[in-house]
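Peer 1: From the sequence below, what's the structure:
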Amino acid sequence: MACIQAESVNLFEVNMLFWAYFQHHFDPVIFPIYGPLAVRWYGLAYFLGFLIAYFLLLHLSRKKILVVPPNHVGDFVAWVAFWGILLGGRMGYVLFYQPAMLLDPVEILQVWKGGMSAHGGVVGTILAMVWYARRHKLPFLNLGDNMVCVVPVGLGFGRLANFINGELYGNPTTVPWAVIFPDGHGGWLGPRHPSQLYEALGEGLFLFVLIWTLRHSAWSVVPGRLGGLFLLAYGVIRTGLEFFRAPDAGLILGLSRGQFYSLFMVAAGAG
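Peer 2: As a prediction, the model looks like this:
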């Protein structure tokens, strides 16, 4: 009888714990189209990020801050978005986090399931801008200083999509705003930090306000200064917020992969 009562109490405590926190019930699909085709929050996040980036860069171009002519801003955004962010971000995720996916190219193409690397996107964006600058004989540092003004927008929307997808969640916690995420196998994880929202605020909103404000100040007149600040600030913010996030791959030298890769961004930005 004592064992039964103890078991009942434990089940009661588990149920109380379950209902004490916000439960993640978001559907990654907004609405289906046909078969596997569907409009997903992940895709919408990227679309909104690219759209807002276009209008912000168009504003900078019309203000003569960005050297790309207004009628070429769309081409510039499309080039960087595809070759830099999408391709670079996806391949960065594969190489940095899931190299086993190289054995299944079809899985690499299934981007709607999530799996993008911010570090890979940064590397891809830099390479795409280098090519664009050489092709059109434009100063690379000007492109970089203006591109970092809009990158936080995409980062913020991407983290919100991560939250809706129920992926890249945080470490176990008992803070009042903890979230209970599905474990992907019909069960539930215990209360976790909503680290995706932390990153949306830090890497997204905070970094955007900081960089955008400085872009319109005399501080940013030195070419490359704003781009360097972005690399430095993003690396520091990402490294700090990774302490709240459950590692999504093996550690490197005792650091999560996000922290380890961010060290290179901090060094590059400081340099």
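Peer 1: can you pull the buried residues of stretch 218-235?
Peer 2: Within stretch 218-235, the residues scored as buried using 16 or more other C-beta atoms under 10 Å are 220, 226, 227, 228, 229, 230, 231, 232, 233, 234, 235. Backbone N, C-alpha and C define where each C-beta goes, glycine included.
Peer 1: Please disregard the earlier target; I meant stretch 176-185.
Peer 2: Using 16+ other C-beta under 10 Å as the test for burial, stretch 176-185 gives 178, 179, 180, 181.
Peer 1: go on, stretch 79-87?
Peer 2: 79, 80, 81, 83, 84, 85, 86, 87.
Peer 1: so the fifth one sits in a strand?
Peer 2: The one in question is residue 84. No: applying DSSP: H, G, I helix; E, B strand; the rest coil, one finds residue 84 to be helix, outside a strand.
Peer 1: measure it to residue 68 for me?
Peer 2: Residue 84 sits 15 Å away from residue 68, going by C-beta to C-beta, to the nearest Å.
Peer 1: same deal with the fourth one?
Peer 2: Separation of residue 83 from residue 68 (C-beta to C-beta) stands at 16 Å.
Peer 1: Then residue 256?
Peer 2: Distance from residue 256 to residue 68, counting by C-beta to C-beta: 36 Å.
Peer 1: for the stretch 101-250 of the chain, what spans make up the strands?
Peer 2: Taking DSSP state E, counting those that start in this stretch as the criterion, the stretch 101-250 of the chain carries its strands at 179-180.
Peer 1: where does the stretch 101-250 of the chain dip in pLDDT?
Peer 2: 112-114 (pLDDT under 70).
Peer 1: in the stretch 151-271 of the chain, which spans are helices?
Peer 2: 195-199, 207-215, 225-241, 257-270 (DSSP state H, counting those that start in this stretch).
Peer 1: Go through these and name the closest to residue 109.
Peer 2: helix 257-270 (22.6 Å; C-beta to C-beta).
Peer 1: how about residue 193, what does it touch?
Peer 2: Applying C-beta atoms under 8 Å, 6 or more residues apart in numbering to residue 193 gives the contacts 169, 170, 171, 173, 175, 178, 179, 244, 245.
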